[in-house]
Structure formats: C-alpha cells, structure tokens
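Novice: Quick one, fold the following:
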Amino acid sequence: MCDEMHHCSTFGGNNQLAISSSDGVLQVWNIARGNVQQFTPTSHLATTYTCMAWKGDPTRSSDISQRRQKNTKATADQKLLILGTNSGEIFSFNSATNGIVSKFVGHSDRVNDLCWHSEDSSVFYSCSKDKYLMEWDVNSNTHSKWKGDNDEIVTVRMGPYGRTLISASTTIKLWDLKTKKLLKRYLGHTSPVVELSFINFGMVKSSEPVEAIEDVNGSYFVSAAKEEKHLCVWQVKASKTRKQQLLMTLLLTNKPRSIDIISSDSDTTNVKVLAVTEEGEVNVFEQKLNGSKNTPVSPSRIIRLSDEDAHPINIVAARFQDSQETNHIQLVYGKQLKLAFDSIDLDAQSESEVCLIRQDPAKTKVTQEVDNVKVRVPLKNDNVKSILPGQVGHSDVTKKRKKESSIGHSVLSMEEQLAAISVQKEDGKDQSVEVKADSLAVLLAQGLKSNDRDILNQVLQRKNESLITKTVNQLKLPSIIPLISELSSRLQGGPDKALTFIRWLRAVLTYHTAFLMTHPEIVQTLTPLFQLMTVRTRSLPQLSRLEGKLDCVISQNLNKTRREENEDPLYVYDEDSDDMDADIIDDQSDSGDEWEYMDGKENEDELMEE
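Specialist: Residues are numbered from 1 along each chain as shown. So this is what the prediction gives:
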C-alpha cells in the first residue's frame with residue numbers, strides 16, 4: 001500500500017508532482033499554478049498504486065549534469081507516467097489526456113518500484129515482492145525477467161550511462177544490464193532499503209568499449225533504509241571483491257521518507273543531499289566526497305514549518321530546484337487533499353535550524369466582516385447606570401445574599417479541612433512521581449553533551465524497563481556512542497548497580513542495532529565493554545558447577561533429616577516392663593515349637609495314608 005511504501009509521490013520534469021493515496025486515487029499537481037487534476041480508475045478500491053515514475057524524471061536521471069537541460073524542456077514524454085499496483089500490474093498514464101494508455105502484466109505480486117532507462121526512452125525497469133527484476137519495452141510490449149534476490153526487492157534505480165542497474169532489499173546489488181549478472185554487493189543495512197540515488201558528477205565516458213563495471217568505477221551513490229535514522233554513502237570500485245565497504249554515514253533527525261541529490265556548479269565534488277523525514281522535516285547535507293570518513297556527518301540545515309499557533313506543518317516532499325545563481329529547495333507541505341508549494345533560498349538561511357511560519361493549507365481560515373454582523377451590542381459609558389427589574393432596593397438584597405452565601409461556604413468543619421489537605425498532598429505526590437520519556441531523553445542528551453554527573457545519575461538510575469525503552473527510542477543518534485561509553489565506564493565499578501546499567505545498555509543495543517552496525521568506530525567503542533564482560537563471566541562455568549554440587553549436598557541432607565523425623569521407632573523400651581516382656585518372649589517361643597511339632601505330625605499322617 002502507498003502508506004507502507006516510499007515511492008508513491010514523484011516530481012516530474014514538467015514542473016509537476018504526482019501523488020497517490022491508499023484508496024487508489026491519483027493526483028497530478030501543477031506546481032507553478034497550484035491546481036490539481038485527479039484520476040480515479042474504475043477498480044481503484046481493488047487495485048491501488050504502490051509506486052510511480054515520470055518519463056524523463058530529472059531526480060532519477062543517472063547524470064546530474066543533465067538535470068538542468070531536461071528540466072527546461074517540456075516534451076510529450078514528460079507527461080507519461082508509469083504506475084505500479086499491488087496486484088502486480090503496471091499501467092502507463094498520460095497526464096495530458098488524464099487516462100490510461102497501456103497495461104503491462106508480468107509480476108505475480110506487488111510492484112514496489114519503477115525507473116526509466118537513462119539512455120533508451122522506451123525501456124523501463126521494475127522490481128516486485130515476487131523477488132524478480134523485469135525489463136520492459138513500451139513500443140513492443142515485451143519484457144525479460146531475472147531473479148534479483150532471495151527476499152522482497154524494494155528499490156530499483158539506473159546506473160550511469162545506462163549499462164548498470166542497482167536494486168536493493170536489505171542488500172544492495174549492482175547488475176550488468178547486458179548479461180544480467182551480479183557485479184557488486186553492498187552490505188550494511190538491517191532493514192529494507194527504500195531510497196537509492198547515484199551521484200555522477202563530471203565523469204567522462206570512455207570512447208573505447210569497456211566492461212560495464214568500468215563505466216561506473218569511482219562513482220558514488222546514497223542509500224536510505226526504512227527503519228534507520230541515517231543515510232549511507234557508497235563508492236563503486238572495479239575490484240575483484242564483490243562485497244564493498246561503507247564510505248560515510250549521514251545522520252538524520254528521524255527515519256527517511258525521500259531523498260534528492262545535486263552537485264555544486266563551481267566544485268563538482270561538493271555534493272548536497274536532501275532528505276525528508278517521517279516527522280515532516282528536511283535535513284540538508286553539504287559534503288565534499290574526497291575519501292572515507294570515520295565520524296558520522298550531521299546535517300548542515302534542518303528545515304521545519306509551523307503555523308502562527310506554533311503547530312507543526314507536515315512537509316510531504318522536497319527537492320533541489322535547478323538555479324544557476326543560488327541553491328533553492330522546493331517544498332510541498334500540508335495534507336494530500338490540500339497541498340501548498342514554497343521555495344527556500346539556502347544561501348539566505350544562516351542558522352543551522354530554520355523554522356518557517358506558514359499558513360496550514362489543511363486549515364480553512366474563516367473571516368467575517370463587521371458590517372455583516374446582525375447582533376448589535378449597545379454602547380455604554382461611565383454615566384449610564386443599569387437598573388434591573390424588580391422591587392425597590394433589589395441591589396441591597398442581592399449584596400446581602402451574596403455575603404451570606406459566601407460566609408456559609410467558608411465555614412468548614414475540622415474533618416473536612418483535614419480531608420482536603422490530605423487529597424492535595426496525594427495529588428501533589430502523584431504529579432511529582434510521573435516522569436515522561438521525552439523529558440528524560442532531552443535531559444540525558446544534555447548530560448552526555450556537558451558531561452554533568454548529577455544529570456547522568458538522575459537519569460541512568462531509573463529502573464523502569466518501559467521508561468528506559470521509551471527514553472532510548474527518543475534519543476538522537478549523536479548521543480548513542482557517548483551513552484555506550486558512559487555505561488561501559490559505569491559498569492567498571494561495583495556490581496550493586498550493574499543490573500540497572502545493563503538494562504540501559506541492552507535497550508541501546510537492541511533499538512539502535514542498524515546504526516551501530518554501520519558506525520565506523522563501533523569496534524573501538526564496544527571493545528572495553530566486551531573485555532569487561534569476558535573478565536566478569538570467566539569464572540561463571542566453575543561457579544555454576546559449584547552451585548549445582550552444593551544444591552545436591554544440601555538437598556540430600558534436608559531429605560535425610562526429614563526422613564529421620566518422619567519415621568516411627570521399631571521398638572520402644574520401657575524399664576518398668578522387663579519381666580513382662582521376658583514372659584511374652586517365652587510364650588512366643590513355646591507356641592512356636594508346638595506349631596512346628598504339630599505340622600510335622602500332620603505331614604507324617606498324610607504320607608501313611610498315601
């Protein structure tokens with residue numbers, strides 16, 4: 001569904017924006033005019049759109065240097081839009097006629113992403129939940145397919161010069177389009193990759209025929225995963241190893257929704273990256289790509305929108321506008337039914353965090369002229385005295401009644417006063433105990449940044465696991481590594497509070513696993529912690545065996561004691577009854593001999609009779 005995927009809105013080269021809703025309704029906005037045309041297919045409730053791509057989309061072009069040329073020409077191709085559905089079908093839509101042109105059938109499950117060929121305008125590619133990649137020809141309505149992954153393929157993009165294709169599930173793969181063979185594999189994400197974009201600045205294509213990997217050698221691309229609060233920058237290298245290493249990490253304020261990339265005019269190696277987060281914010285990065293970087297990069301600009309009442313406004317999409325003089329960002333904000341468009345000049349914003357005041361398009365402001373008001377309010381001045389109807393002296397009676405009622409309500413018994421005091425104390429106690437996770441997250445971030453021991457002790461000594469989990473979830477990524485270092489140093493102390501710090505550490509490692517796996521300094525950060533745990537748990541097997549042996553010994557002794565206490569004595573000796581016992585024994589012995597004699601005699605009689 002569109003609310004689950006990240007490819008249901010896309011900018012077109014003809015200054016258009018296409019966006020689809022979860023009920024299958026397609027809207028095409030004209031950004032310059034601010035009007036919208038809507039298309040509702042007959043089977044929109046049964047088949048909803050999951051992805052889309054404009055033909056000649058500049059944001060999905062493999063060559064950024066050509067984006068300005070493509071954006072200035074409005075051709076008929078730029079009015080053609082391909083749409084993927086959750087049933088596996090693909091439609092081509094013409095925005096000029098507002099109708100479906102053709103239909104393509106080949107996938108057996110939901111289509112997750114689409115992209116056009118950068119060199120051949122009649123070919124496009126698709127990926128699906130059925131784990132296959134497909135190549136389509138619009139003119140001949142033919143296709144070819146190959147298996148791209150063992151998991152669901154979420155994203156597909158063209159490589160530079162139209163000879164390579166890049167796809168992603170949780171693993172990113174680079175393909176040779178001619179042979180459909182795998183060239184490179186990129187590992188580092190723990191959740192599905194929802195955005196990919198190549199950075200091809202000023203690369204000169206070789207005039208001689210070379211391998212496909214040689215055409216993209218040295219190029220960069222950016223990836224964004226669904227459940228990760230950072231972007232990954234990779235470089236394609238024509239080496240023999242298929243697995244490639246991460247180049248750098250760009251930190252985000254929240255999970256990404258969409259990205260856009262553009263290079264500078266003066267310096268082609270200076271790249272600007274834009275990311276729209278799920279909270280409706282825009283993070284802008286300015287980075288020079290001249291090698292790997294060990295520390296994560298924070299955004300240079302954070303852009304937010306709010307109305308006059310300080311209520312945040314959601315930013316739906318954003319992209320870099322192509323301008324020769326300054327760098328502008330085009331914003332789309334509001335809700336799907338009511339969108340508004342705005343442009344921001346980055347050079348005019350000197351602060352790192354920018355909050356712009358705009359009117360929320362989803363809220364309709366009602367104004368009423370004063371002349372149209374039918375209710376007239378009488379004018380009053382200080383010389384006018386209003387007299388209420390009633391008997392003479394009513395004002396004095398009213399005052400007297402108010403005085404009597406006030407006196408009556410003020411008199412309380414001692415029992416009522418004590419009950420009121422106790423209720424106030426209980427209410428104050430409950431309010432003081434209640435602690436919110438967002439306030440603890442802010443407090444923890446401040447304590448880590450200033451290294452304030454009092455603040456850290458106040459936060460890290462909390463033992464409520466639910467509160468710990470919520471606090472860690474709301475903690476920003478730059479505070480994760482300092483928090484792990486702080487917890488490691490605290491675990492070096494006594495074991496009395498180690499259990500509380502272990503809860504914090506477990507929550508951090510569980511929730512921020514994806515970020516820690518891609519962090520370049522994670523080995524140095526976790527090495528002291530690993531050594532500490534190794535030393536602490538070295539004698540654990542011996543202690544466990546000793547505990548088992550002691551349990552066996554203690555349980556045997558307890559069972560023996562209980563058995564001795566519960567057993568009855570075989571014989572009780574009484575000093576006063578010695579003679580009586582001797583007579584009883586003699587009688588028993590005599591009677592026994594007699595019985596034996598009688599038994600022998602009976603046996604002899606039986607033999608004589610036989």
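Novice: Wait, residue 307 touches residue 313, no?
Specialist: Yes. Counting by CB atoms under 8 Å, residue 307 touches residue 313, with 6.2 Å between them. To be clear about C-beta, it is placed using only N, CA and C from the backbone, and glycine gets the same treatment.
Novice: So which of these two has more stuff around it?
Specialist: A direct count of neighbours by other CB atoms under 10 Å for residue 307 and residue 313 places residue 313 higher, at 23 against 14.
Novice: Identify the bridge partners of that one.
Specialist: Applying DSSP bridges to residue 313 gives these bridge partners: residue 305.
Novice: which residues touch it?
Specialist: 280, 305-307, 333-334, 358, 360 (CB atoms under 8 Å, 6 or more residues apart in numbering).
Novice: mind redoing it with 10 Å?
Specialist: Shown in contact with residue 313 (CB atoms under 10 Å, 6 or more residues apart in numbering): 280, 304-307, 331, 333-335, 340, 356-363.
Novice: Of these, keep whichever come out buried.
Specialist: Buried by 16 or more other CB atoms under 10 Å: 280, 304-305, 331, 333-334, 340, 360-362, out of those.
Novice: closest to residue 460 among the residues you listed?
Specialist: In terms of CB to CB, no member of the buried ones among the contacts of residue 313 lies closer to residue 460 than residue 304, at 30.3 Å.
Novice: how much space between the closest one and residue 137?
Specialist: Separation of residue 304 from residue 137 (CB to CB, to the nearest Å): 44 Å.
Novice: what's the answer for residue 194, then?
Specialist: Applying CB to CB, the value for residue 194 to residue 137 is 27 Å.
Novice: Compare those two (neighbour count), which wins?
Specialist: Shown here are residue 194 and residue 137; by other CB under 10 Å, residue 194 has more neighbours (25 against 15).
Novice: how close does the more buried one sit to residue 10?
Specialist: Using CB to CB, residue 194 is found at 13 Å from residue 10.
Novice: Can I get stretch 219-229 in CSV, CA atoms only?
Specialist: In CSV, the C-alpha atoms belonging to stretch 219-229 read as follows (Å, rounded to 0.1, in the frame of the first residue of the first chain):
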residue,chain,number,x,y,z
SER,A,219,31.0,6.8,-8.9
TYR,A,220,29.1,7.3,-5.7
PHE,A,221,25.5,6.5,-4.6
VAL,A,222,23.4,7.1,-1.5
SER,A,223,21.1,4.7,0.2
ALA,A,224,18.4,5.1,2.8
ALA,A,225,16.7,2.2,4.8
LYS,A,226,13.2,2.2,6.2
GLU,A,227,13.9,1.8,9.9
GLU,A,228,17.3,3.6,10.1
LYS,A,229,17.9,7.2,11.0
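Novice: Pull out the buried positions in it.
Specialist: So stretch 219-229, judged by 16+ other CB under 10 Å, has buried residues 219-226, 228-229.
Novice: And what about the residue nearest to residue 135 when sequence neighbours are not counted, helix, strand or coil?
Specialist: Among residues not flanking residue 135 along the chain, residue 144 sits closest, at 4.9 Å (CB to CB, 6 or more residues apart in numbering). Three-state assignment for residue 144 (DSSP: H, G, I helix; E, B strand; the rest coil): strand.
Novice: next one: residue 551
Specialist: Secondary structure assignment for residue 551 (three-state DSSP): helix.
Novice: Which per-residue confidence value corresponds to it?
Specialist: Predicted confidence (pLDDT) for residue 551: 86.
Novice: residues contacting residue 32?
Specialist: By CB under 10 Å, 6+ apart, the contact list for residue 32 reads 14-16, 341.
Novice: Flag the least confident of those.
Specialist: Across those, the smallest pLDDT goes to residue 14, namely 75.
Novice: which ones are touching the residue nearest to the spatial centre of the chain?
Specialist: Taking CA atoms, centre = their mean, the centroid of the chain lies closest to residue 227, which sits 4.0 Å from it. For residue 227, the contact set (CB under 10 Å, 6+ apart) comprises 189-192, 194, 255-256, 511, 513-514.
Novice: Could you do residue 170 as well?
Specialist: 149, 151-152, 154, 187-193, 225-226, 514.
Novice: And the helices in this protein?
Specialist: Using DSSP state H, the helices of the chain run over 67-71, 212-215, 394-410, 414-433, 437-450, 453-460, 465-473, 480-491, 498-511, 513-518, 522-536, 540-566, 578-609.
Novice: got any ranges where the stretch 301-450 of the chain has weak pLDDT?
Specialist: The stretch 301-450 of the chain contains residues with pLDDT under 70 at 322-326, 364-438.
Novice: try 50 this time
Specialist: Along the stretch 301-450 of the chain, segments meeting pLDDT under 50 span 325, 370, 388-409, 425-433.
Novice: for the stretch 51-200 of the chain, what spans make up the strands?
Specialist: For the stretch 51-200 of the chain, the strands defined by DSSP state E, counting those that start in this stretch occupy 80-85, 89-94, 99-105, 111-116, 123-128, 132-137, 142-147, 155-158, 164-168, 172-176, 181-186, 193-199.
Novice: Check the stretch 201-350 of the chain too.
Specialist: 220-225, 230-235, 243-244, 248-251, 256-263, 270-277, 282-288, 301-306, 312-313, 315-321, 328-334, 339-345.
Novice: re the thing from before, between residue 194 and residue 10, what contacts are shared?
Specialist: Joint contacts of residue 194 and residue 10 (CB under 10 Å, 6+ apart) are residue 258.
Novice: Just give me the closest of the contacts of residue 170 to residue 492.
Specialist: For those, the minimum distance to residue 492 (CB to CB) is 27.6 Å, reached by residue 514.
Novice: Which strand residues bridge residue 157?
Specialist: In this entry, residue 157 is beta-bridged to residue 166, by DSSP bridges.
Novice: Verify the contact between it and residue 124 for me.
Specialist: No. In this structure, residue 157 is not within contact of residue 124 by CB atoms under 10 Å, at 11.7 Å.
Novice: Now do the shared contacts for the two.
Specialist: By the contact definition CB under 10 Å, 6+ apart, residue 157 and residue 124 are jointly contacted by residue 115.
Novice: ok, now which ones touch the residue nearest to residue 469 when sequence neighbours are not counted?
Specialist: Excluding the flanking residues, the one nearest residue 469 by CB to CB, 6+ apart is residue 507, at 5.2 Å. Counting by CB under 10 Å, 6+ apart, residue 507 makes contact with 465, 468-473, 475.
Novice: Kindly reformat these as TSV and extend each row with pLDDT.
Specialist: Listed next are the contacts of residue 507 as TSV, based on pLDDT from 0 to 100:
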residue	pLDDT
465	87
468	89
469	88
470	88
471	89
472	88
473	87
475	87
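Novice: Filter these down to just the buried residues.
Specialist: Using 16+ other CB under 10 Å, the buried members of the contacts of residue 507 are 468-472, 475.
Novice: export those residues to CSV and tack on distance to residue 483?
Specialist: CSV is the format used below for those (distance: CB to CB, whole Å):
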residue, distance to residue 483
468, 12
469, 14
470, 15
471, 10
472, 8
475, 7
